[in-house]
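A.B. asks: Next comes the sequence, and after it the predicted model I'd like to discuss.
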Amino acid sequence: MNQLKAEILEICQRAKESARSMALLDEGTKNNILSEVKNLIILNKAQILEANFIDLENAKKNQLEASKIDRLMLDENKILSMVKSIDDIIKLDDPIGKIIYEVNRPNGLNIKRISTPIGVLLTIYEARPNVTTDVGALSIKSGNVVILRSGSEAINSSKILASFFQQALRKFNIDEHAVSFCKNPNRDFVNGLLKMDKFIDVVIPRGGKSLIMAVSKQSKIPIFKHLDGNCHTYINEKADFEKARAILLNAKMRRVGICGATESLLIDKKIAQKIIPILMDDLDKVGCEVRGMKDARRIDSRIKEASTQDFYTEYLDKILSLKIVKNIDEAIAHIAKFGSSHTESIVTEDNEMAQKFLNEVNSAIVMHNASTQFADGGEFGLGAEVGIATGKIHARGPVGLEQLTIYKYQIVADCAIRQ
């Protein structure tokens, strides 16, 4: 145990020591480092796939859930997507050193609020090797230091990807501990990291609800919370049926294992009789199970019985809960009661109804006539994200470059004396 504590302390100390120099890096150097990471990923594509194959074989032996295997699996297209995300981040403006606010006060003070890096980030993630590249690239561009702790499911894939960041940092004579990777699989290692509040400024958990709750319980360090993605698509009485079909099918079925997948469908009572059989035809063809209450099951016998718990559930599977609502007010109330404050979408041709939904639904992301699967930092033009924050402090929605900054005040005066 003493050896474990020493190992944890060493990784945290080195990260903290590298934070000062990282915060001072100019934009050109940051972009050069990221360009080198891109090149290393492209050159070592075969090795990445080999490492990922080992992770996949282990995952299958351990009977990992299908949704996690989907996130774990890498192929050429996913690797190219990683490269594109890094390229997008390179193209973004440097978020550090920006004047957010400036005022000249009557007391003789010139006051500026300047964006600065947060400092040391700790990212804990499960079967998601792409988190390694997304968080690594965003951390470097925002002048932060990051400690990466991958789950055992993705350990080989994540380790090789993290090594490319360290190689790139060394090439430009930057402390490689600016991107640290925890190789120790011991769970006590994570618990130890979560107590290092003297060194770590923010924890970013990427995984299921159980991971986020465990991190919240263990640590006093501020957390970018990403709870479950119980996302809703609400088909309003003024919806275009063809748009509703296309949006729902994509929102639910494009990738069922991601946090932006629609898990609950709300339909206005006035159109339920007409649209439910149409939607059921679409969903039945792709093997999606739908669970609803008696009123929905009377309309279509293919709908299975739902319990109250279904409406709270993030399935991450080919399962969808269905609720018939009286009107938009009941839809909004249902989302407030059962939702997880992640992403909700209204399908309607009535702009007044749409604006009411956008104004009154208090989730991190609210949409009109769009698939909830767009809940992604890359799709928002942020280059990538470290997660979707569902809390209400500092960052909300996709956490990208801007959300990985904080600020300080710079005060300039000419012998200002307070009376």
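C.D. replies: The structure has been received and is ready for your questions.
A.B. asks: what's the neighbour count on Pro277?
C.D. replies: 12 (other C-beta atoms under 10 Å). Using the backbone N, CA and C atoms, a C-beta is placed for each residue, glycine as well.
A.B. asks: what's the host helix or strand of it in contact with?
C.D. replies: Assigned by DSSP states H and E, Pro277 belongs to helix 269-285. Outside helix 269-285, the residues that touch it by C-beta atoms under 8 Å, 6 or more residues apart in numbering are 235, 237, 239, 241, 244-245, 248-249, 252-253, 265, 267, 290, 295-296, 299-300, 302-303, 320, 322, 324-327.
A.B. asks: Buried only: go through these for me.
C.D. replies: 235, 237, 239, 244-245, 248-249, 252-253, 265, 267, 290, 296, 299-300, 303, 320, 322, 324-325 (16 or more other C-beta atoms under 10 Å).
A.B. asks: what's His368 sitting at in phi/psi?
C.D. replies: phi -130, psi 120 (degrees, to the nearest 10).
A.B. asks: That one: what's it in contact with?
C.D. replies: Per C-beta under 8 Å, 6+ apart, neighbours of His368: 345-346, 348, 354, 357-358.
A.B. asks: Can I get the residues you listed in CSV including neighbour count?
C.D. replies: Below are these laid out as CSV (neighbours: other C-beta atoms under 10 Å):
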residue, neighbour count
Ser345, 27
Ile346, 28
Thr348, 23
Ala354, 20
Phe357, 24
Leu358, 13
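A.B. asks: Filter those residues down to just the ones in strands.
C.D. replies: 345-346 (DSSP state E).
A.B. asks: tell me the two of the contacts of His368 that are most distant?
C.D. replies: Thr348 and Leu358 (10.9 Å; C-beta to C-beta).
A.B. asks: Assign Leu121 to helix, strand or coil.
C.D. replies: Leu121 carries the three-state label strand when classified by DSSP: H, G, I helix; E, B strand; the rest coil.
A.B. asks: Any regions of the stretch 101-250 of the chain where pLDDT drops low?
C.D. replies: By pLDDT under 70, the low-scoring segments of the stretch 101-250 of the chain are 227.
A.B. asks: Now do the helices in this structure.
C.D. replies: Along the chain, counting by DSSP state H, helices occupy 2-23, 27-43, 45-61, 66-72, 76-91, 130-141, 155-171, 187-193, 209-218, 241-253, 269-285, 294-299, 328-338, 351-360.
A.B. asks: Quick check: which of the ones you listed is buried the most?
C.D. replies: Among the helices of the chain, helix 130-141 has the highest mean neighbour count (mean count of other C-beta atoms under 10 Å), at a mean of 27.
A.B. asks: That one: how far from the chain's middle?
C.D. replies: 12 Å (C-alpha atoms, centre = their mean, to the nearest Å).
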